[in-house]
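In: Okay, sequence plus prediction incoming.
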Amino acid sequence: GEFFTHLLYGAAGVDSFQFYQPDMHRIILSVVPGRDADADRKTAVENALRQLGQLAPGQLEVEYREVDQIPRSSAGKHRFTRSDVSAPVHPVER
């Protein structure tokens, strides 16, 4: 998760962001734009999308959305990353 956070943390023109993985082959990047620094935001987002595309070339669909807000967790915290993908369960060898 920390890999994703470093892609946009502190980027000019980005008030908030979240990387969400709804399934194994898709990541949705949601960004709450800042009031200024449109060019900086565009460059930062393009860089993040390029790096995400390099994680699994041809196997990962990356979608970008500009949103008004990112919902907080039930505990009221902002989550930079979120995933609905469960880790594979490997049988225990005996």
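Out: Perfect, I can see it now.
In: Go ahead and name everything in contact with the longest helix anywhere in the chain.
Out: Longest helix in the chain, counting residues (DSSP state H): helix 38-55. The contact list for helix 38-55 (Cβ atoms under 8 Å, 6 or more residues apart in numbering) reads 7-8, 11-14, 27, 29, 31, 33-34, 60, 62, 64. Every C-beta, even on glycine, is put in place using the N, C-alpha and C of the backbone.
In: Quick check on those: which are buried?
Out: Using 16 or more other Cβ atoms under 10 Å as the burial test, those include 7-8, 11, 13-14, 27, 29, 31, 33, 62 as buried.
In: shaky segments in this protein?
Out: Within the chain, the segments meeting pLDDT under 70 span 1, 89-94.
In: Need the residue closest to the centroid of it.
Out: Phe19 (1.9 Å; Cα atoms, centre = their mean).
In: In which helix or strand does that one reside?
Out: Per DSSP states H and E: Phe19 is located in strand 14-23.
In: mind checking how far that strand is from the chain centre?
Out: Distance, stretch centre to chain centre, for strand 14-23: 3 Å (Cα atoms, centre = their mean, to the nearest Å).
In: With only the CA atoms kept, save it in CSV.
Out: Coordinates of each C-alpha in strand 14-23 appear next as CSV, following Å, rounded to 0.1, in the frame of the first residue of the first chain:
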residue,chain,number,x,y,z
VAL,A,14,-4.1,17.3,-5.3
ASP,A,15,-6.1,17.9,-2.2
SER,A,16,-6.8,14.2,-1.6
PHE,A,17,-6.6,10.9,-3.4
GLN,A,18,-7.4,7.2,-3.1
PHE,A,19,-6.3,4.1,-4.9
TYR,A,20,-9.1,1.5,-4.9
GLN,A,21,-8.7,-2.1,-6.2
PRO,A,22,-12.2,-3.5,-6.7
ASP,A,23,-10.8,-6.7,-8.3
